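Trainee: Build me a structure from this.
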Amino acid sequence: MDRLEGIEKASLRLVTQAIFEYRDTASEIFRHEGDLVADIGEDITRESLDRLGTSRIDQRLFGKIDYKRARYLFHPDYAVKQALFVDSKAEKVSGQGTATLQTSQLSMTVRHIRSGCNVEVAGKLPNILILKNEPYITTTIFVKYNYRETLKSKILDSVTIAALPNGMLQERYNPNFTDTIWLAGRNAPTLGEEFRVRLSFPRLKEKACWRVQKIPISPHEFHWDD
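Mentor: Sure, this is the predicted structure:
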């Protein structure tokens with residue numbers, strides 16, 4: 001499990017570095033673009049990762065996630081095939097403490113308490129993705145753009161990047177209904193809406209500080225939080 005933690009930490013460093021290198025451009029895009037903020041966030045994430053670049057395997061990935069890449073991850077002691085999924089969120093700064101997720105975006109089982117009842121819903125991503133009989137470790141990272149809105153434009157305030165634990169790390173991060181990293185999602189069960197859940201950045205950070213990084217916009221400095 002410690003090796004898996006290392007794989008996810010290295011992946012988070014990749015995404016964090018890409019966003020950090022692109023933060024000034026991201027700020028300009030937010031200020032001048034008139035598209036929906038969700039669309040702006042998707043474009044920024046994709047452009048920043050494409051610009052930084054990474055190893056790749058010629059294997060197509062599927063799913064409702066903005067950036068998908070089959071790749072090799074290299075470590076001094078090993079190399080591993082990885083299915084890297086990076087999804088973007090954008091929300092006003094008042095909501096910067098959480099990210100709303102769908103079960104198709106995670107491999108963990110969600111265990112938490114909602115309206116006084118225990119809730120347990122399995123994620124739909126596998127821990128290990130099998131493609132052409134080859135195993136790929138599944139890694140999911142979320143990029144959250146926190147912005148303020150003025151009469152004339154949107155101001156990017158900061159970017160939060162979080163590495164969601166793989167389902168094999170369930171017992172470390174969400175062993176039961178009360179020891180959890182989740183909050184009730186923004187869906188209405190009474191209306192039959194699809195299940196959603198909110199990832200709590202403070203709760204995840206309490207479990208492992210490095211799993212949540214926050215990049216301020218220039219000229220403020222960024223320091224990796226370990």
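Trainee: all contacts plus neighbour counts: C-alpha atoms, from now on.
Mentor: Fine.
Trainee: packing partners for the host helix or strand of R13?
Mentor: Using DSSP states H and E, R13 sits within helix 2-21. For helix 2-21, the packing partners by 3 or more CA pairs under 8 Å, 6 or more residues apart in numbering; DSSP states H and E come out as helix 37-52, strand 134-149, strand 154-164.
Trainee: got a list of contacts for that helix?
Mentor: 45, 48-49, 51-52, 73, 139, 141, 161-163, 165, 210-211, 213, 215 (CA atoms under 8 Å, 6 or more residues apart in numbering).
Trainee: out of the residues you listed, which are buried?
Mentor: Buried members of the contacts of helix 2-21, counted by 16 or more other CA atoms under 10 Å: 45, 48-49, 73, 139, 141, 161-163, 165, 210-211, 213, 215.
Trainee: just to revisit the earlier point, got the buried residues for the helix or strand following the helix holding R13?
Mentor: With elements assigned by DSSP H and E, the helix or strand that comes after helix 2-21 is helix 23-32. Using 16+ other CA under 10 Å as the test for burial, helix 23-32 gives R23, A26, S27, I29, F30, R31.
Trainee: Helix 23-32 versus strand 154-164: what angle between them?
Mentor: Taking axes from the mean of the first three to the mean of the last three CA atoms, to 10 degrees, one finds that helix 23-32 is oriented at 130 degrees with respect to strand 154-164.
Trainee: Helix 23-32 relative to helix 37-52, how many degrees between them?
Mentor: Here helix 23-32 points in a direction 150 degrees away from that of helix 37-52 (the same axes, to 10 degrees).
Trainee: Let me know which of the helices and strands packed on helix 2-21 is the nearest to V119.
Mentor: Closest to V119 of the helices and strands packed on helix 2-21, according to CA to CA: strand 154-164, at 19.0 Å.
Trainee: Check which residues of the helix or strand following the closest one are buried.
Mentor: Sequence-wise, the next helix or strand downstream of strand 154-164 (DSSP H and E) is helix 170-173. For helix 170-173, a neighbour-count test (16+ other CA under 10 Å) marks Q170, Y173 as buried.
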